[in-house]
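> model the following, please.
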Amino acid sequence: MKFKIQGNNLPSVEINLDDNESVFTESGAMSWMSSNIEMETTTGGGLLKGIGRMFAGESLFIINFTSKGKGHITFTSEFPGKIVPFKLKDEEQIIFQKDSFLCAEKSVKLDIHFNKKIGVGLFSGEGFIMQKATGPGHVFLEVDGDVVEMNLKSGEEIKVDTGHIAIFEPSVHYDYQVVSGFKNKIFGGEGLFLATLKGPGKVWLQTMPIRNLALRIHKYLPASGGKGNKAGINFGDVLERI
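Model (predicted):
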């Protein structure tokens, strides 16, 4: 399987498949493909698997795309950002935020990943459920804005504003920390908690979390039912869904 990532702020990945090679994605993510690609819609391992993906922000169904002869298929990013490719070895894993899965080889196993600590789930900004991909095979992930890759040494720790964590290796310890200082809590603008990532292992940080972008745009939008909001959109409800 060969692929090419192209584009800038709204990238796409074109995947070239040999005969009987397959990739899968969530429902509605495919953009265009050659006419010899066959589609098969499934729950990806049963109804419980599908429900688990829904909790992780993905679709109940997945689509398998299999090439009959040589073919090509393209997937595009849903928002401004980057597409990050991984080639996982057998049993190698990567953990990532909800909604960032784009597509993967059929040999890749996609699961939900639970944050076991209650505090991490409640206060880290990522919630209790993330996603996990297990190799072997290629997997492609979407990252909001640009991506910064860091290789943390053993014991090295960074503090991260919630929402900027995109991807990390399982060897990285993920926790949260209360912001110190009364004035920092009230006037610092960073919230009460920061996520912490401790090495060893690689982490990928995103520069423009989509929720932060939505909050910035929200300040310039009319209130629900207000003047100029002809559609009667409740933008507060929109933000709650992000």
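> most centrally placed residue in this structure?
Nearest residue to the geometric centre of the chain (C-alpha atoms, centre = their mean): S100, 1.7 Å.
> look up phi and psi at that residue.
Here is the backbone geometry of S100 (degrees, to the nearest 10): phi -90, psi -10.
> where does the prediction get shaky in this structure?
Filtered on pLDDT under 70, the chain yields the residue ranges 44-60, 115-128, 178-192, 215, 223-242.
> regarding L213, what is its secondary structure?
What DSSP: H, G, I helix; E, B strand; the rest coil gives for L213 is helix.
> count of neighbours near the residue nearest to it when sequence neighbours are not counted?
The shortest distance from L213 to any non-neighbouring residue, by C-beta to C-beta, 6 or more residues apart in numbering, is to D144 (7.6 Å). The C-beta positions use only the backbone N, C-alpha and C, and glycine is treated the same way. D144 is flanked by 24 other residues according to other C-beta atoms under 10 Å.
> before we move on, the earlier item: how close does the residue nearest to the centre of the chain sit to G137?
17 Å (C-beta to C-beta, to the nearest Å).
> and for K153?
Using C-beta to C-beta, K153 is found at 29 Å from G137.
> check S67 too.
Distance of S67 to G137, given as C-beta to C-beta: 15 Å.
> what about those two, which has more around it?
Remark: of S67 and G137, S67 carries more neighbours, 23 against 20, as counted by other C-beta under 10 Å.
> for the nearest residue to N20 once chain neighbours are set aside, what are phi and psi?
Distances taken as C-beta to C-beta, 6+ apart place T66 nearest to N20, at 6.4 Å, with adjacent residues excluded. Note on T66: backbone dihedrals following degrees, to the nearest 10 are phi -120, psi 130.
> any idea what T66 is bridged to?
Beta-bridge partners for T66, by DSSP bridges, are S22, E38.
> contacts for stretch 12-24?
With C-beta atoms under 8 Å, 6 or more residues apart in numbering as the test, stretch 12-24 has contacts from 1-6, 31, 37, 44, 62-77, 83, 85, 102-106, 140.
> domains in the chain, by residue range?
2-208, 217-242 (automatic domain parsing).
> most neighbours per residue, which of those?
Of all the domains of the chain, domain 2-208 has the most neighbours on average by mean count of other C-beta atoms under 10 Å, namely a mean of 17.
> quote the end-to-end distance of that one.
With C-alpha to C-alpha, to the nearest Å as the measure, domain 2-208 spans 29 Å from end to end.
> ok, the residue nearest to the centre of the chain touching Q131?
Yes. Under the criterion of C-beta atoms under 8 Å, S100 makes contact with Q131 at 7.4 Å.
> that older thread, next step: the contacts of stretch 12-24 restricted to strands.
2-6, 31, 37, 62-67, 71-76, 83, 85, 102-105, 140 (DSSP state E).
> hang on, Y174 in a helix?
No. According to three-state DSSP, Y174 belongs to no helix; its state is strand.
> which residues in the protein form helices?
Ranges of helices within the chain are 47-55, 118-123, 182-187, 210-218, 235-240, based on DSSP state H.
> distance of the closest residue to P209 other than its chain neighbours from V172?
In this structure, P209 finds its nearest non-sequential neighbour in G163, 3.5 Å apart by C-beta to C-beta, 6+ apart. Per C-beta to C-beta, G163 is found 17 Å from V172.
> list the beta-bridge partners for T42.
Applying DSSP bridges, one finds that T42 bridges with I62.
> nope, Q93 is what I was after
Beta-bridge partners recorded for Q93 (DSSP bridges): T134.
> which residues touch it?
K132, A133, T134, G135, E169, P170.
> quick check: chain neighbours aside, which residue is closest to the last one?
Right, the one you point to is P170. Q93 (5.1 Å).
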